[in-house]
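1. pasting the sequence and the predicted coordinates here, then a few questions.
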Amino acid sequence: MRVDAVARNVTRDLDDLPGGGILLEHATRHTAAFSIDSDQPCLALRIGIDLGGTKIVATALDGSDEVVRLRTDTPRGDYGKTLEAITNLVAAVEHFVQQRRPQGNGGRASIGVGIPGTISASSGLVKNANSTWLIDQPLREDLETRLGRPVRIANDANCFAISEATDGAAAGAEVVFGVIIGTGVGGGIVVHGHLVGGMNGIAGEWGHNPLPMPDANDEPLPQCYCGKRGCIETFLSGPGMSADHEKVSAVKLLPPEIVEAAASGDAAADATLQRYEQRMARALAGVINVLDPDVIVLGGGMSNIARLYTNVPRLWRQYVFCAGADELRTRLVAAKHGDASGVRGAAWLWPIR
């Protein structure tokens, strides 16, 4: 957070809003023309919400420029309070903008929400959410009622993908595969600037495919929370790397500690990273064979391992169906917007028209 007059003024304003517990992450001095007097979405200013397991983040985008970013703790296990927290965040964002540019353009800000799950096309209820109190709840309908306008909802990995494809590390690419690798593994697909959800709303969910071509190092296949064994997530997530390292070395380390140990010459830690890179190469080679993306963008905590961007593309060549290694042009890159990419992508669910 920038500690300046803008931040101090915003923080003082937030103290007067209902709900409490809202913190400032980012603010700029200038905002777009904006009004809350109309019921029609204003596509110049877009509010994005990232509903995470531990925090809820809200941002407002004016074009590609982030005006303000706020956050509050997630009321875990309480659906009603989760709705209230989102409503209060939207009110806080609108209050910030309205205070700084009271003369608007006659439209309300559009709202997009990223969630750790999907919305069933048939029932409109939340499915496959690891934030279990959201499951089987009419989240979109309830938010639209509270906020008085249409709300678009997408999986958080899809929001990450649309963010990086729109104005991030994959801007201008025709086919983008966005990958979040942290405590879990998810993915999203963007083609010609449009998010691909799929018939069942699970396009890009590669984390629950089985790891391709398992070898002796991968046995026995780990149990996944989804009920299957050997899912990509059980190997490539942060907990997956830690479990693999402990299995081989009998030492418990977190991924950043493993990376640090490998850089210091620890042979066991380096071997863990090599196994991890081989597994990621096999997993992403399958994506390339099916989707043939221009760019694969990595986000999440595991994307901070710098050596992945050199070693994995070198390794995946042996698994990709391609006429020659020199013809394989898919790039592996880090996310431009970092931890803010998901909430920016939620805002981009309403594109500029």
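-> Okay, I see it.
2. could you measure from the spatially closest residue to residue 210 that is not a sequence neighbour over to residue 76?
-> Counting by C-beta to C-beta, 6 or more residues apart in numbering, residue 210 lies nearest to residue 230, which is 4.8 Å off, once chain neighbours are set aside. Quick note: C-beta positions are derived from backbone N, CA and C, even for glycine. According to C-beta to C-beta, to the nearest Å, residue 230 and residue 76 sit 30 Å apart.
3. counting neighbours, go ahead and name the busier of these two.
-> Neighbour count, other C-beta atoms under 10 Å: between residue 230 and residue 76, residue 230 has more, with 19 against 12.
4. isn't that one right next to residue 222, touching?
-> Yes. Using C-beta atoms under 8 Å, residue 230 is in contact with residue 222, at 6.7 Å.
5. any idea how far residue 287 is from residue 232?
-> Applying C-beta to C-beta to residue 232 and residue 287 gives a distance of 10 Å.
6. mutual contacts of these two, please.
-> residue 206 (C-beta atoms under 8 Å, 6 or more residues apart in numbering).
7. more neighbours: those two, which one.
-> residue 232 (26 against 21).
8. near residue 130, how many other residues are there?
-> 12.
9. dihedrals phi and psi, it?
-> Per-residue torsions, residue 130: phi -80, psi -10 (degrees, to the nearest 10).
10. got a list of what it touches?
-> If you count contacts by C-beta under 8 Å, 6+ apart, then residue 130 has 53, 116, 117, 184 around it.
11. let's go with 10 Å and repeat that
-> Counting by C-beta atoms under 10 Å, 6 or more residues apart in numbering, residue 130 touches 53, 116, 117, 183, 184, 225.
12. do residue 46 as well
-> Counting by C-beta under 10 Å, 6+ apart, residue 46 has contacts 32, 59-63, 67, 109-112, 152, 344, 346-352.
13. and residue 57, by the same measure?
-> Counting by C-beta under 10 Å, 6+ apart, residue 57 has contacts 23, 25, 48-51, 69-72, 74, 89, 114, 339-340, 342-344, 346.
14. now, these that are in strands?
-> Within the contacts of residue 57, residues falling in strands by DSSP state E are 23, 25, 48, 49, 50, 51, 69, 70, 71, 72, 114.
15. so the fourth one sits right up against residue 113, yeah?
-> So that's residue 49. Yes. If you go by C-beta atoms under 10 Å, residue 49 and residue 113 touch, sitting 4.4 Å apart.
16. anything in contact with each of these two?
-> 56, 58, 86, 90, 143, 151, 153, 159, 343, 346, 347.
17. and the biggest helix by length in the chain, what does it pack onto?
-> Longest helix in the chain, counting residues (DSSP state H): helix 267-291. Applying 3 or more C-beta pairs under 10 Å, 6 or more residues apart in numbering; DSSP states H and E, one finds that helix 267-291 contacts strand 175-181, strand 185-191, helix 232-236, helix 238-249, helix 255-263, strand 295-299, helix 308-316, strand 331-334.
18. with distance to residue 197 and mean pLDDT as added columns, please give those in JSON lines.
-> Formatted as JSON lines, the helices and strands packed on helix 267-291 follow (distance: least, C-beta to C-beta, whole Å; pLDDT from 0 to 100):
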{"stretch": "strand 175-181", "distance to residue 197": "13", "mean pLDDT": "96"}
{"stretch": "strand 185-191", "distance to residue 197": "9", "mean pLDDT": "95"}
{"stretch": "helix 232-236", "distance to residue 197": "20", "mean pLDDT": "96"}
{"stretch": "helix 238-249", "distance to residue 197": "26", "mean pLDDT": "96"}
{"stretch": "helix 255-263", "distance to residue 197": "30", "mean pLDDT": "98"}
{"stretch": "strand 295-299", "distance to residue 197": "18", "mean pLDDT": "97"}
{"stretch": "helix 308-316", "distance to residue 197": "26", "mean pLDDT": "97"}
{"stretch": "strand 331-334", "distance to residue 197": "23", "mean pLDDT": "98"}
